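Chemist: Okay, structure incoming, though there's no sequence with it:
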């Protein structure tokens, strides 16, 4: 009997993915957990393994084509008839960078992989010269998003097509803003003590996000509403603490998630954040590493940002943004002085958190961050 397997929902608001490489052909015998196909979500490249034993009878999406969630990917002849989503992405090994190394002897093969036929057609339709585009896909493959991002073409209404990643971000932000009543409270903290913690690492400074993260983690036990989600008139509190950190990448904003962050010391948290950040930049990060956060931190100060109104990720109740620390006039013991001041912005779900509780959390966080190390 046949098994019909469909493109699984990869989460994070992603509605489609581009097929990069099939590892099997029609007629091949496959086993459970065997990697079958590599897809590019726009945020990362993942492998989809087989959930069954059997023989490939049909491959419905060619390499280079874009496939929507729930569309048929392939059909397998197996023990009984099913029609289900393909297995969840298989986490890639850390040593893997998304594609085999291309040597000088394989230049001809690499040139064929410059862009898949569907991408070449898109480039022709938009008048884009592929030779001018640096490929962001595995092994330098030019993806659909690369072409769209390079195109200055607009339609008759003056609209420019958004990349897959940008569309996913837009959809996620719109759903959050429409479904969660946001409140944002702000504070300006003295940052001398916070920044004093940074040089105390053997291999360099601690990322500011992780220093703030340890302070947040220390408070979430006393403020469970900030590590929770509003669900059908109830508070779904998470017993685990998974901290999401916003990372700016060429593909767009990606939130990497440090799981069970409360079990780590500052060195472990910093190392894991840095590993995930590199993987996000290289687009080798696993889908399970960019989902499931229970609290999110954004260091907009890394780009020179100040105060703002961050949008709460769906499935959570709060997000914290920290801006750039700058020298400002301050009053100390009745005297005017110059101090380092950093902006904090806390957005929270007003269905779970009222103004008094929100201010208590922000005040407690301010006190923690301003305390000497």
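Modeler: That came through, no problem. Please read all numbers here as calculations on a predicted model, not as lab measurements.
Chemist: CA atoms for contacts and neighbours, from now on please.
Modeler: Will do.
Chemist: Got the domain ranges for the protein?
Modeler: Domain ranges of the chain: 2-77, 117-160, 182-370, per the TED database.
Chemist: out of those domains, which comes closest to residue 176?
Modeler: domain 182-370 (5.6 Å; CA to CA).
Chemist: Span of the closest one from start to end?
Modeler: For domain 182-370, the first-to-last residue distance is 26 Å (CA to CA, to the nearest Å).
Chemist: pLDDT below threshold where in the stretch 51-200 of the chain?
Modeler: By pLDDT under 70, the weakly predicted segments of the stretch 51-200 of the chain are 79-114, 116-118, 121, 124-127, 138-139, 151-161, 163-164, 199-200.
Chemist: switch the cut-off to 90
Modeler: 51-52, 62-70, 77-172, 193-200 (pLDDT under 90).
Chemist: Show me the strands in it, by range?
Modeler: Secondary structure of the stretch 51-200 of the chain, counting by DSSP state E, counting those that start in this stretch: strands at 54-59, 66-68, 72-77, 82-85, 182-190.
Chemist: doesn't residue 346 make contact with residue 362?
Modeler: Yes: at 7.2 Å, residue 362 counts as touching residue 346 under the criterion of CA atoms under 8 Å.
Chemist: And these two? Which one has more around it.
Modeler: A count of neighbours by other CA atoms under 10 Å puts residue 346 above the other of residue 362 and residue 346, at 25 against 19.
Chemist: Next, the more buried one: secondary structure please.
Modeler: strand (DSSP: H, G, I helix; E, B strand; the rest coil).
Chemist: how about the helix or strand residue 363 falls within: buried residues?
Modeler: Assigned by DSSP states H and E, residue 363 belongs to helix 355-370. The neighbour-count check on helix 355-370 (16 or more other CA atoms under 10 Å) flags 358, 359, 361, 362, 365, 366, 368, 369 as buried.
Chemist: How about stretch 175-192?
Modeler: Judged by neighbour count (16+ other CA under 10 Å), stretch 175-192 contains these buried residues: 176, 180, 182-192.
Chemist: rewinding a little: okay, the strands of the stretch 51-200 of the chain in a markdown table with distance to residue 330 next?
Modeler: Formatted as a markdown table, the strands of the stretch 51-200 of the chain follow (distance: least, CA to CA, whole Å):
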| stretch | distance to residue 330 |
| --- | --- |
| strand 54-59 | 67 |
| strand 66-68 | 55 |
| strand 72-77 | 62 |
| strand 82-85 | 59 |
| strand 182-190 | 9 |
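Chemist: what about residue 149, distance to residue 285?
Modeler: Counting by CA to CA, the gap from residue 149 to residue 285 is 22 Å.
Chemist: Of the two, which one has the most company?
Modeler: residue 285 (26 against 15).
Chemist: quick one: the helices in the chain?
Modeler: Taking DSSP state H as the test, the helices found in the chain are 107-112, 117-126, 144-150, 164-179, 192-196, 208-220, 266-282, 355-370.
Chemist: okay if I get the ones you listed as a markdown table plus distance to residue 326?
Modeler: What follows is these, written out as a markdown table (distance: least, CA to CA, whole Å):
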| stretch | distance to residue 326 |
| --- | --- |
| helix 107-112 | 48 |
| helix 117-126 | 45 |
| helix 144-150 | 35 |
| helix 164-179 | 29 |
| helix 192-196 | 10 |
| helix 208-220 | 15 |
| helix 266-282 | 24 |
| helix 355-370 | 15 |
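Chemist: so which of these gets nearest residue 314?
Modeler: helix 164-179 (5.6 Å).
Chemist: Compute the inter-axis angle for the closest one and strand 182-190.
Modeler: Counting by axes from the mean of the first three to the mean of the last three CA atoms, to 10 degrees, helix 164-179 lies at 100 degrees to strand 182-190.
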